[in-house]
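K.L.:
Take this sequence and fold it.
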Amino acid sequence: MSRIKRARPALVVVVVALIAAVAGTALAGSGPDANSSASLKQQVKKTKKKASKALKKAKANAAVLDACSSGASAAGSAATCPLPPGPTGPTGATGDTGATGPRGPSDLLVVSNASSNLTTCNGTDLGACASLLGLFLPAGNWLLQAKLAIVNTGGAAATSNRCGLAQGSTELDEVRHSLAANTNPGMTEAIATAAVVSGVAAGTLIQVRCNEPTGDSLQAQDIRLTALRVETVG
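P.N.:
As a prediction, this is how the structure comes out:
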C-alpha cells in the first residue's frame, strides 16, 4: 500500500494564496454586468493580474518557509528563521548563591627600624642571636620579606656573617655575606631575605636577626620587615 506524501508547507501556501486570489475576483465578477463580454474579459484580466501577484508573493513566502523547515535563511530574502519572537515571558526564579571564592592577598603589615648595632653572636644559629626588628602576626598564612644594609664599622674584614628571619628560636631563612674593612670598598652589603609561614597562631613573633662573630663590629641600617597574608600556600 503506497503512502501519500505530506505536502510541503511552501506548496500549501502557494495553493491557498492562488485560490484566495481567484475566488476574490470571481466574487467580484458575479454582479449585474457579469454576463457581458466586455465585463467578462475585464474580470479575466483582473483575475490573471491578481493571481500573478498572489503567486509571486506566495512563492516568496514559500521560499522562507522552505528555508525555515531546513533550518537555513531564505536566499535573497530579508526574512530570517526563526520568525520574530513572541512577547517576553515572566522573569524566572533567582538561582542559588554561588560558593565564596578563594581569598586573595590581604592585610599587608610593615615595620621598620633606621639602624641597630649588632651584638656579639657566634655560631651559625640565628635563632640564638639578638633581634634587630620584630613583628607580631595575626593568625593565618603569611609571606615574609625583610631587607637591610649591613655596614662594617670595624677595622678588619668580616667574613663569617649571616642575616635572616626567625620565628622564636627557629630560623626561617638566612643570607650569608662578607664585608671589607671599614672605609674600604665592600664595607657595606644589601641583604634581602624571605620566608613563608603557614597556619600560625595569633601573636606569633617574627624577627630579623644577624650574627656578629667575636671581634667584628657591624651595624644594620634601613631595616624593613614586611608580612603579607595569603589564603593558601602551595
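
K.L.:
Which pLDDT value belongs to Gly29?
P.N.:
You'll see Gly29 listed with a pLDDT of 48.

K.L.:
shaky segments in the protein?
P.N.:
In the predicted model, the chain carries pLDDT under 70 at residues 1-41, 44, 47-48, 51, 54-55, 58-84.

K.L.:
make it 80
P.N.:
1-86, 101-106, 234 (pLDDT under 80).

K.L.:
could you pull out the strands for it?
P.N.:
Using DSSP state E, the strands of the chain run over residues 106-117, 131-137, 140-152, 158-167, 170-179, 188-200, 204-210, 218-230.

K.L.:
Would you mind giving these as JSON lines with mean neighbour count added?
P.N.:
To be clear about C-beta, it is placed using only N, CA and C from the backbone, and glycine gets the same treatment. Shown next, in JSON lines, are those (neighbours: other CB atoms under 10 Å):
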{"stretch": "strand 106-117", "mean neighbour count": "13"}
{"stretch": "strand 131-137", "mean neighbour count": "17"}
{"stretch": "strand 140-152", "mean neighbour count": "20"}
{"stretch": "strand 158-167", "mean neighbour count": "21"}
{"stretch": "strand 170-179", "mean neighbour count": "17"}
{"stretch": "strand 188-200", "mean neighbour count": "15"}
{"stretch": "strand 204-210", "mean neighbour count": "22"}
{"stretch": "strand 218-230", "mean neighbour count": "18"}
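
K.L.:
Quick one: those as CSV, columns for distance to Gly89 too.
P.N.:
Conversion of those to CSV gives the following (distance: least, CB to CB, whole Å):
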stretch, distance to Gly89
strand 106-117, 43
strand 131-137, 55
strand 140-152, 48
strand 158-167, 61
strand 170-179, 61
strand 188-200, 51
strand 204-210, 58
strand 218-230, 46
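
K.L.:
Can you say which of these is nearest to Thr124?
P.N.:
strand 158-167 (6.5 Å; CB to CB).

K.L.:
The nearest residue to Cys210 once chain neighbours are set aside pairs with what?
P.N.:
Leaving aside its sequence neighbours, Cys210 sits nearest to Cys163 (CB to CB, 6 or more residues apart in numbering; 4.0 Å). Per DSSP bridges, the residues bridged to Cys163 are Val175, Cys210.

K.L.:
now do the one 4 residues further on
P.N.:
Each beta-bridge partner of Gln167 is listed here, defined by DSSP bridges: Thr170, Ile206.

K.L.:
My understanding was that Asn122 contacts Arg162; is that so?
P.N.:
No. Counting by CB atoms under 8 Å, Asn122 sits too far from Arg162 to count as a contact (11.1 Å).

K.L.:
so what sits against both of the two?
P.N.:
Asn211 (CB atoms under 8 Å, 6 or more residues apart in numbering).

K.L.:
For the closest residue to Gly123 other than its chain neighbours, give me phi and psi.
P.N.:
Using CB to CB, 6+ apart and skipping residues adjacent in sequence, the residue nearest Gly123 is Asn211, 7.0 Å away. For Asn211, the backbone dihedrals (degrees, to the nearest 10) come out as phi -90, psi 160.
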